[in-house]
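A.B. asks: Build me a model:
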Amino acid sequence: MVLQPRSGRTFLKMLVMLFAASTVSFAALQTDSTDPPYFDTGTNGLWVGYQWLTGINVRTGQPVSEHETEQFLALIENQGIRYVFVRAGPVLPSGEISQRPGVFFHQLQQRDPHRMYLPWVTGDSEQLDLSSPAWRKAFIDQLEQMRHQGVRGIHLNIEPVSDSEPGYLDLLHEIRSALGPSFFISHATRPAGLWGVSFGDLKQHLWSGEFYRSTMTQTNQTVVMAYNTRLKQEMVYTAFVEHQTRLLVDWGCGLPGHHVLVGIPAYEHAPRYSDPGTENIRNASRGIRSALNNAGDNVKCFDGVSVYAHWTTDPDEWADFRSYWIGSHAPQLGET
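C.D. replies: As a prediction, this is how the structure comes out:
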């Protein structure tokens, strides 16, 4: 989930574009002094760890207790989480998914059927041959086995994927063709370029509108990773998130039924790529709400936000989530 610049020069180019975006986008944030309205509909996402795949607490090595499970279910209910991205994988060079959903995952899904539990399948594209039909078939065979075992869909997180990566588009198309329209395909995506434009070295980091729309035709859900930007100014980061939201909502509205989520940060563990004083739930939520406040009818094409991540989000950050995204109507944990 870390968007790593490959060179200082490339990253400076990206920053120039983001600063340019801020001068355009942040004007919308300043149209009046009132706080933008809330747009939460209880259809948010959350990235969660391996223990909810395997049923083994990663800290203690012991089975997840009934009390832990009840606390987890209460949390995601109170925070309006509809999509639970459960860490799986990674995908190996052979196409095999190293860790797949087991008994605990399926029991959790059966216990909480109105929520969408999706294996969050990660992979390093530099070790995977996306251009190989044989590799793609081996990977899709794994997905077909998971579907037969009761998995309803997948959250795909292969990185890095450059703009217009043909092997990635082929993979999405072949997953859809093999597993059919009922299999829910979600994927974590790189940010879009300014006004949907990406060129030169920037194509390694930012996707074009054309590439985004191509992926949307093969998937059910897009979750843009709107973090790890290395930005230091709150105004610029908020404008960046506003711009991402506006673009994706516009593109998603061109495909009825496509779900758009914006990934927002709640962590302090990546100091090289993220300043938590700048990249946080508060600033991300402000940008998203501003974009939606100016989206008109397109607001109906927005599903929610996705918090990265469950194991890094502390009580204060969940309080910020309630205050800045959900609104004051959200219950505190333990409230009835």
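A.B. asks: show me where the stretch 51-200 of the chain has strands.
C.D. replies: For the stretch 51-200 of the chain, the strands defined by DSSP state E, counting those that start in this stretch cover 81-88, 116-124, 153-159, 184-189.
A.B. asks: what residues does the following helix or strand past the last one touch?
C.D. replies: So the one you mean is strand 184-189. As assigned by DSSP states H and E, the chain's next helix or strand after strand 184-189 is helix 209-216. For helix 209-216, contacts defined as Cβ atoms under 8 Å, 6 or more residues apart in numbering pick out 163-165, 168-169, 172, 187, 189, 192-193, 195-198, 222, 247-248, 251-252, 254-255, 258. Any C-beta I mention is one placed from the backbone N, CA and C, and that applies to glycine too.
A.B. asks: Let me know whether my guess that Gly263 is in a strand holds.
C.D. replies: Yes - counting by DSSP: H, G, I helix; E, B strand; the rest coil, Gly263 falls inside a strand.
A.B. asks: So what sits opposite it in the bridge?
C.D. replies: Gly263 has the following beta-bridge partners by DSSP bridges: Met225, Ser306.
A.B. asks: Now that it has come up, it's in contact with Ala226, right?
C.D. replies: Yes - using Cβ atoms under 8 Å, Gly263 is in contact with Ala226, at 5.6 Å.
A.B. asks: Look at the two and report which has more neighbours.
C.D. replies: More crowded of Gly263 and Ala226, by other Cβ atoms under 10 Å: Ala226, with 30 against 25.
A.B. asks: and the gap between the more buried one and Tyr83?
C.D. replies: 16 Å (Cβ to Cβ, to the nearest Å).
A.B. asks: what about the protein, any weak spots by pLDDT?
C.D. replies: 1-34, 197, 199-203, 269-271, 328-336 (pLDDT under 70).
A.B. asks: That one: helices as residue ranges?
C.D. replies: Using DSSP state H, the helices of the chain run over 8-29, 51-54, 66-78, 103-111, 133-148, 166-179, 209-216, 234-252, 281-293, 315-320.
A.B. asks: now those as CSV including mean neighbour count and distance to Ile326?
C.D. replies: Output for the helices of the chain, formatted as CSV (neighbours: other Cβ atoms under 10 Å; distance: least, Cβ to Cβ, whole Å):
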stretch, mean neighbour count, distance to Ile326
helix 8-29, 16, 20
helix 51-54, 22, 22
helix 66-78, 14, 9
helix 103-111, 15, 23
helix 133-148, 16, 32
helix 166-179, 17, 32
helix 209-216, 19, 26
helix 234-252, 24, 17
helix 281-293, 24, 9
helix 315-320, 15, 10
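A.B. asks: export those helices to a markdown table and tack on distance to Tyr308?
C.D. replies: A markdown table is the format used below for the helices of the chain (distance: least, Cβ to Cβ, whole Å):
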| stretch | distance to Tyr308 |
| --- | --- |
| helix 8-29 | 19 |
| helix 51-54 | 15 |
| helix 66-78 | 15 |
| helix 103-111 | 20 |
| helix 133-148 | 23 |
| helix 166-179 | 21 |
| helix 209-216 | 20 |
| helix 234-252 | 13 |
| helix 281-293 | 10 |
| helix 315-320 | 11 |
